[in-house]
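A.B. asks: Have a look at this prediction, sequence included:
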Amino acid sequence: MLVHTGATYSLISPELADRIGVVRFPKRQTITLANGQRTEADVGLVMVDVEGRSVATPAFIVPCDEPLLGVEALEALGLAVDPARGVLTPTRSYTVRLGGLSA
């Protein structure tokens, strides 16, 4: 996947969604693409694994040349882009963060 810091959410093609078994939510979402075009898109929950970190995150399912990993997924993974070195770096120690739960 291409890490895209200008994309809020992740994008995958319908073919990739089918290949990895993504279940689409029943309601489509209106989204605005980087070129300003508005379109309706399916959305599903995907598991993303990067550098030993894993998170469930929404992905919009639209025709695209290359899957994109957006900043919502990066934030959930606790990773940021270091553009000078072209690598992902941890922003915090890795843990799945849930709010509103009490032990």
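C.D. replies: Happy to help now that I have it.
A.B. asks: how many neighbours does L2 have?
C.D. replies: Residues near L2, counting by other CB atoms under 10 Å, number 11. To be clear about C-beta, it is placed using only N, CA and C from the backbone, and glycine gets the same treatment.
A.B. asks: That one touches E66, doesn't it?
C.D. replies: Yes. The criterion here is CB atoms under 8 Å, and L2 meets it with E66 at 5.1 Å.
A.B. asks: all helices of the protein, in order?
C.D. replies: Ranges of helices in the chain, per DSSP state H, are 14-20, 71-77.
A.B. asks: out of these, which comes closest to G6?
C.D. replies: The minimum distance between G6 and the helices of the chain falls on helix 71-77, with 8.3 Å, by CB to CB.
A.B. asks: residues in contact with S54?
C.D. replies: 47-48, 77 (CB atoms under 8 Å, 6 or more residues apart in numbering).
A.B. asks: now P90
C.D. replies: Shown in contact with P90 (CB under 8 Å, 6+ apart): 78-80.
A.B. asks: which one of those has the most neighbours?
C.D. replies: Neighbour-wise, the contacts of P90 (other CB under 10 Å) top out at L79, 23 neighbours.
A.B. asks: Run through the bridge partners of the nearest residue to that residue once chain neighbours are set aside.
C.D. replies: Spatial nearest neighbour of L79, chain neighbours left out: L88 (4.5 Å); criterion: CB to CB, 6 or more residues apart in numbering. Judged by DSSP bridges, the bridge partners of L88 are V81.
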